[in-house]
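S.K.: sequence and predicted structure, then a few things I'm wondering about:
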Amino acid sequence: MTRPRLCILLLLLALAWPALPALAQEFGLLDGDEAGAGNASQKTPAAPAAMVQEEELVVLAAPEKVGLGEPFLVRLTANRALGEVAVYWRGKEVIPSISVWNDRHVALAMLGTDVLTDRPGSLDLVVTAGLDSGKKTFRRRVAVRPKEYATQALNLPEPMVTPPEEVLSRIARERAEVARVLSEVSPKRRWSLPLKRPVAGQATSVYGLRRILNGRPKNPHRGLDFRAAEGLAVAAAADGVAVLVADHYYSGKSLYLDHGNGVLSMYFHLSEALVSQGQRVSRGQPVGLAGMTGRATGPHLHFGVSVQGRLVDPEPLLRFGAEKLLAE
Ligand SMILES: [Zn+2]
C-alpha cells in the first residue's frame, strides 16, 4: 500500500470510529455485563494482514447541559482494554463496570443532581482510565441549568406534616439508615435503560413539585407518584438486590433495590413487600403490593431513584434509552 492510501485508510477509520461505540453501547445496555463474556464468537476476526495498527482511541461522551434534578449518563469507549475507570462527580467516586463488545471496551456511569441539595451552576466532571499507555484523565464542565417545577398545596392531618415529639428520634434513625443504604456503591452494574415502569398507572405527582403542606413550604417531592390501587403488584425497575425492606414513619412499608454502580430504586407506601432483604430480583418481577402505609392520603406508589446518593427525577429513566441521556 502506498503512503497516501494508508493515510486515507487511517483517516476513514478515524471518521468511522464515532459510529462504533454507539452500537457497542446499545448491546452493552440490552445485555448487561455478560455481553462481553458471552460474546467472544462475535469478535471481529483480526484482518489477515494487519498492516494497520489501529491507534489508541478513547472517547468520553457526556451531556454539556442538564436540568437540575435530571439524571444523565457518562460513557467512556476505548479500542484498547480499559483498566480501572473512575468517575468523579459532586465529591463522589464511581467505579463503573466495563463491558466488552467487538473489541470496544465500554464504561458507563449514571450521575445526576438533586433538586433539594444541589444548585444550578457549572460543575466539574472528571473521568480517569487506566490504559497500557498510562493513566488518562478527562475533564469536562457540565452546566446544571435551573428548572421550573410546579407548586402543589396539600392539606394533611397535622401530625403528618409536623411529626409528634415522640417520633422524632425514630425519624432520625430511619433517615440515617436510608442515607447509609443510598451511599453504598456496589461494583456490578445490573441496571439497563429504559427502566421498567413499576406500575402501569398514570403519574399523579411529578418529581420536583414544591410542596406547601398546611400552608407551609416543605421539601420538594423527590420521586414520582403513580396512581395504584391497594394490592396492585409493583414491578422491579431493573435487575438488582433488595438492600432494605423497612417500615418507616414517612414512607411506610418501603423497599430499596440496589441496581449497582450507585443506582438504587425505591418503592414507598406498600401494603406489603414481596421480597426479603438480600434477595436478588429481576427487572419486571413483582416486588411489592401498592398500599397507603406511612404518610399517604390514599393508595398510590411513590417511586424514587437514587444516583450516587442523590434523588433524581425517575421520569427520563423510564422513558429514554442510553443515547438520549448521553446527549444534550
Ligand atoms: Zn411521592
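M.R.: Great, that's in hand.
S.K.: switch to C-alpha atoms for all contacts and neighbour counts from now on
M.R.: OK.
S.K.: which single residue of this protein ends up nearest the ion?
M.R.: Closest residue of the chain to the ion, Cα to the ion: residue 302 (4.2 Å).
S.K.: give me the nearest residue to that residue, chain neighbours excluded.
M.R.: Closest residue in space to residue 302, ignoring its immediate chain neighbours: residue 225 at 4.4 Å, by Cα to Cα, 6 or more residues apart in numbering.
S.K.: who's in contact with that neighbour?
M.R.: 203, 204, 205, 206, 300, 301, 302, 303 (Cα atoms under 8 Å, 6 or more residues apart in numbering).
S.K.: closest to residue 251 among these?
M.R.: Taking Cα to Cα as the measure, residue 251 lies nearest residue 302 of the contacts of residue 225, at 8.4 Å.
S.K.: how many residues are close by that closest one?
M.R.: As a burial measure, residue 302 scores 28 neighbours (other Cα atoms under 10 Å).
S.K.: follow-up on the earlier one: check which helix or strand covers the residue of the chain closest to the ion.
M.R.: Here residue 302 sits within strand 300-307, counting by DSSP states H and E.
S.K.: beyond that strand, next helix or strand please.
M.R.: Per DSSP H and E, the first helix or strand lying C-terminal to strand 300-307 is strand 310-312.
S.K.: list the strands paired with that following strand, with their directions.
M.R.: If you go by DSSP bridges, strand 310-312 pairs up with strand 300-307 (antiparallel).
S.K.: what comes into contact with stretch 86-93?
M.R.: Residues outside stretch 86-93 that contact it (Cα under 8 Å, 6+ apart) are 94-96, 109, 111, 123-129, 308.
S.K.: and that stretch, which residues are buried?
M.R.: 86, 87, 88, 89, 93 (16 or more other Cα atoms under 10 Å).
S.K.: hmm, which of those residues is lowest in pLDDT?
M.R.: Here the lowest pLDDT out of the buried residues of stretch 86-93 sits on residue 93, with 93.
S.K.: for it, give its distance to residue 113.
M.R.: For residue 93, the distance to residue 113 equals 15 Å [Cα to Cα, to the nearest Å].
S.K.: how about residue 70?
M.R.: According to Cα to Cα, residue 70 and residue 113 sit 6 Å apart.
S.K.: give me the common contacts of these two.
M.R.: Counting by Cα under 8 Å, 6+ apart, the common neighbours of residue 70 and residue 113 are residue 312.
S.K.: ok, the two, which is more surrounded?
M.R.: The neighbour count for residue 70 versus residue 113, taken as other Cα under 10 Å, is higher for residue 113 (27 against 24).
S.K.: restricting to C-alpha, output the helix or strand where residue 169 lies in PDB.
M.R.: Using DSSP H and E, residue 169 sits in helix 168-183. Provided in PDB are the C-alpha atoms of helix 168-183 (Å, rounded to 0.1, in the frame of the first residue of the first chain):
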ATOM      1  CA  LEU A 168     -38.500  12.500  66.100                       C
ATOM      2  CA  SER A 169     -35.800  10.100  67.200                       C
ATOM      3  CA  ARG A 170     -37.400   7.300  65.100                       C
ATOM      4  CA  ILE A 171     -37.400   9.600  62.100                       C
ATOM      5  CA  ALA A 172     -33.800  10.500  62.600                       C
ATOM      6  CA  ARG A 173     -32.800   6.800  62.900                       C
ATOM      7  CA  GLU A 174     -34.700   6.000  59.700                       C
ATOM      8  CA  ARG A 175     -33.100   8.900  57.900                       C
ATOM      9  CA  ALA A 176     -29.600   7.700  58.900                       C
ATOM     10  CA  GLU A 177     -30.500   4.100  57.800                       C
ATOM     11  CA  VAL A 178     -31.600   5.300  54.400                       C
ATOM     12  CA  ALA A 179     -28.600   7.600  53.900                       C
ATOM     13  CA  ARG A 180     -26.300   4.600  54.700                       C
ATOM     14  CA  VAL A 181     -28.100   2.400  52.200                       C
ATOM     15  CA  LEU A 182     -28.100   5.100  49.400                       C
ATOM     16  CA  SER A 183     -24.400   5.800  49.900                       C
END
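S.K.: who touches it?
M.R.: Against helix 168-183 from outside (Cα under 8 Å, 6+ apart): 243, 244, 248, 249, 262, 264, 306, 308, 309.
S.K.: about what we covered before: show me the two of the buried residues of stretch 86-93 that sit farthest apart.
M.R.: Across the buried residues of stretch 86-93 (Cα to Cα), the longest gap, 10.0 Å, separates 86 and 89.
S.K.: could you identify the buried members of the contacts of stretch 86-93?
M.R.: Judged by 16+ other Cα under 10 Å, buried ones among these: 94, 95, 96, 109, 111, 125, 127, 128, 129, 308.
S.K.: up against the ion, what does the chain have?
M.R.: 225, 302 (Cα under 5 Å from the ion).
S.K.: the bottom helix or strand of the chain by mean pLDDT?
M.R.: Within the chain, confidence by mean pLDDT, DSSP states H and E is lowest for helix 34-37 among all helices and strands, at a mean of 32.
S.K.: what's the burial count for residue 80?
M.R.: Residue 80 has 18 neighbours, counted by other Cα under 10 Å.
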